[in-house]
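1. just need the structure, nothing else, for what follows:
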Amino acid sequence: SSDLITGGAPLSTKKVGEHLLFSLTRNHGVRTLNEIRTEAGKHMASQRIPLVAGNWKMNFDHLEATYFVQQLAWKLRDIHFDYRHCEIALMPSFTSLRSVQVLVESDNLKIHYGAQAVSVTSQGAFTGDVSADMIAHLGCSYVIVGHSERRKYHPEDDANIVDQVRAVLAAGMQPILCVGESYEERRKGIELDFAVGQVHDVTRDLSDEEASRLIVAYEPIWAIGSGMVATPQSAQDAAKAIRDDLAETFGTHVGESVRILYGGSVSSKNAEELIGEPDVDGFLIGGAALNVDELTRICQLTMNATV
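-> Residues are numbered from 1 along each chain as shown. Okay, the predicted model is just below:
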């Protein structure tokens, strides 16, 4: 069968997507391509560094923001936090970005930061807009794109979100694309199709290289700020469905390399169970990211899951 890789040579290869999967057939005998895919997927999953991202929304002025970052850095130092095993990013308001940048750079902190929104335009007569280049020049690593609150209150549609993703990528940053169903979609049993459809609509015209730089945050709308949280299995089902769609569209390498976060009433009480799921690569946190002790604990639990 063409789907079998069998013995003989010490090393055999079969191309899947854009990378080669290797099988030591002399030692392992007959193996199906799906078995090799699964093993390769587990290896690539181990290479995904978890990300804990705090979305401060419209909270903290620049003085409060810098104080919080200082406190967080000290608390992480005290618990001997290992940034090699977990990445941390904070998303302040636009007015606090410069102050956070100065603190991070002057104290040589390993905490990353980013913006909560971005304009699709680069410059011009667009009152109130902030371009991706402006954000990048402040040393930002990430930009949240398509958050449900932006979709609801501004509003932003898929076409606009696609342009935002492209603008962020072109400026050398990573977009954190937010997707997730409302209670109504969940009640109808179409939550997975809905979330996957949102990702597909935004990413279908991206190149493989662009897609590989994407971060997806699955945030069921009904769980945001409600105190309700998806079960670990529900979060895993959604993350896996999104990953499978990315792999089908762009190839296994892209599907397995993209980090998929969970968001929606994350706390230190549920973070350990959620991060234990194989396709959940971290969190996009709202309310809990405003409490430095709670955020420190979530970061510690996430790091411990990878050590």
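
2. strands of the chain, residue ranges please.
-> Here the chain has its strands, by DSSP state E, at 4-5, 12-16, 19-23, 31-32, 51-55, 87-91, 112-115, 142-145, 174-179, 215-218, 259-262, 282-285.

3. okay, those in JSON lines with mean pLDDT next?
-> Putting the strands of the chain into JSON lines (pLDDT from 0 to 100) gives the following:
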{"stretch": "strand 4-5", "mean pLDDT": "36"}
{"stretch": "strand 12-16", "mean pLDDT": "31"}
{"stretch": "strand 19-23", "mean pLDDT": "39"}
{"stretch": "strand 31-32", "mean pLDDT": "50"}
{"stretch": "strand 51-55", "mean pLDDT": "98"}
{"stretch": "strand 87-91", "mean pLDDT": "98"}
{"stretch": "strand 112-115", "mean pLDDT": "98"}
{"stretch": "strand 142-145", "mean pLDDT": "98"}
{"stretch": "strand 174-179", "mean pLDDT": "97"}
{"stretch": "strand 215-218", "mean pLDDT": "97"}
{"stretch": "strand 259-262", "mean pLDDT": "98"}
{"stretch": "strand 282-285", "mean pLDDT": "98"}
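
4. deepest of those strands, which one?
-> Mean neighbour count (mean count of other CB atoms under 10 Å) peaks for strand 282-285 among the strands of the chain, with a mean of 29. Quick note: C-beta positions are derived from backbone N, CA and C, even for glycine.

5. I'd like the distance from it to the chain centre, please.
-> Taking CA atoms, centre = their mean, to the nearest Å, the mean C-alpha location of strand 282-285 is offset from the chain mean by 8 Å.

6. again, but for stretch 63-77
-> 23 Å.

7. do you know how far the nearest residue to residue 283 once chain neighbours are set aside is from residue 91?
-> In space, and not counting its chain neighbours, residue 283 is closest to residue 266: 4.8 Å by CB to CB, 6 or more residues apart in numbering. Counting by CB to CB, to the nearest Å, the gap from residue 266 to residue 91 is 14 Å.

8. out of the strands of the chain, which is closest to residue 206?
-> Closest to residue 206 of the strands of the chain is strand 174-179 (CB to CB; 10.3 Å).

9. and the angle from that closest one to strand 87-91?
-> With axes from the mean of the first three to the mean of the last three CA atoms, to 10 degrees as the basis, strand 174-179 and strand 87-91 are set at 70 degrees to each other.

10. next, format the strands of the chain as TSV and append distance to residue 61.
-> Listed next are these as TSV, based on distance: least, CB to CB, whole Å:
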stretch	distance to residue 61
strand 4-5	60
strand 12-16	50
strand 19-23	47
strand 31-32	58
strand 51-55	16
strand 87-91	14
strand 112-115	16
strand 142-145	19
strand 174-179	23
strand 215-218	25
strand 259-262	27
strand 282-285	20
